[in-house]
Every structure is written in structure tokens, then in C-alpha cells.
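Peer 1: Requesting a structural model of the entry that follows:
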Amino acid sequence: MGVSKTQLFNTQQNELAVVAKVLAHPARVAILQYISQQDACICSDLVEETGLAQATISQHLAEIKKIGLLKGNFQGKNLCYCIDKDRWIALQNLFTNFFTRIGKQCYT
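Peer 2: Below you'll find the model as predicted:
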């Protein structure tokens, strides 16, 4: 496989690509939707909600955490997750700016 040459692109382009890649998996979208409807979420809740194995859920959570969308804390033995509101807003703005700028010149 070839090198992606990310150094050829600016910070925003690279960030959009990384975030879009993480959000491109339907299980991750489902996880974020579920967590966004809770005050906090214990990982075992996600297993019941999605029907995916615990290990699979953990892998998806790790990918979502890499882009900063999740905060987690321990409640007893359980790790509870919630969406990082500041990061969520920052990503909303990043995508809104991208789609707004692209759309202005490209309508047919």
C-alpha cells in the first residue's frame, strides 16, 4: 500500500479526513447516537444495544476516543462514557465550514 502523503495537506483537511474515517463505520455512528441519548453509558449497555461483542465495542470506542469525541470515567468497576461537548461542537463547526465553502461554487 502507498504512503498517504498527509504532509501535502493542511491541518483542517487532515483532521476532516481522520474524523470522517472514524465516523464512516455504522457501528460507531450507532454508538455515538446511543451515548448522546444517555447521561452516561456503561460499555455493557452498548453490547445489549448494538448486539456486538464486548471486544468489538471496545475497539470502536477506542477509535472514537482517538478523535476526542468521548470522555470516560470509572464508576466502581465500570467505565462510563459521554460525548465531549466541546469537541462535538468543534467538529460540527469544522464540517459545517467545509460543506458551506464547498457548496457555494459547485451547484449545478
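Peer 1: which stretches of the chain form helices?
Peer 2: 11-23, 26-36, 43-50, 54-66, 85-106 (DSSP state H).
Peer 1: And stretch 65-84, what's buried?
Peer 2: Across stretch 65-84, burial judged by 16 or more other C-beta atoms under 10 Å covers 67, 69, 70, 79, 80, 81, 82, 83, 84. C-beta coordinates here come from the backbone N, C-alpha and C atoms, glycine included.
Peer 1: which two from the residues you listed end up farthest apart in space?
Peer 2: Greatest spatial distance in these: 67 and 80, 19.1 Å, computed using C-beta to C-beta.
Peer 1: hang on, the earlier thing: and the helices of the chain, which one is worst for confidence?
Peer 2: Note on those: helix 43-50 shows the lowest mean pLDDT, a mean of 82.
Peer 1: Report the distance from that helix to the chain centre.
Peer 2: 17 Å (C-alpha atoms, centre = their mean, to the nearest Å).
Peer 1: hang on, isn't residue 83 packed against residue 35?
Peer 2: Yes. Here residue 83 reaches residue 35: they are 5.8 Å apart, a contact under C-beta atoms under 8 Å.
Peer 1: hey, what's in contact with both of those two?
Peer 2: Common neighbours of residue 83 and residue 35 (criterion: C-beta atoms under 8 Å, 6 or more residues apart in numbering): residue 70.
Peer 1: Quick check, central residue of the chain?
Peer 2: residue 64 (4.2 Å; C-alpha atoms, centre = their mean).
Peer 1: picking up where we left off before, would you mind putting the helices of the chain into a markdown table with distance to residue 75 alongside?
Peer 2: Below are the helices of the chain laid out as a markdown table (distance: least, C-beta to C-beta, whole Å):
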| stretch | distance to residue 75 |
| --- | --- |
| helix 11-23 | 25 |
| helix 26-36 | 15 |
| helix 43-50 | 11 |
| helix 54-66 | 16 |
| helix 85-106 | 19 |
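Peer 1: Nearest to residue 4, out of those?
Peer 2: Nearest to residue 4, of all the helices of the chain, is helix 11-23, at 8.8 Å by C-beta to C-beta.
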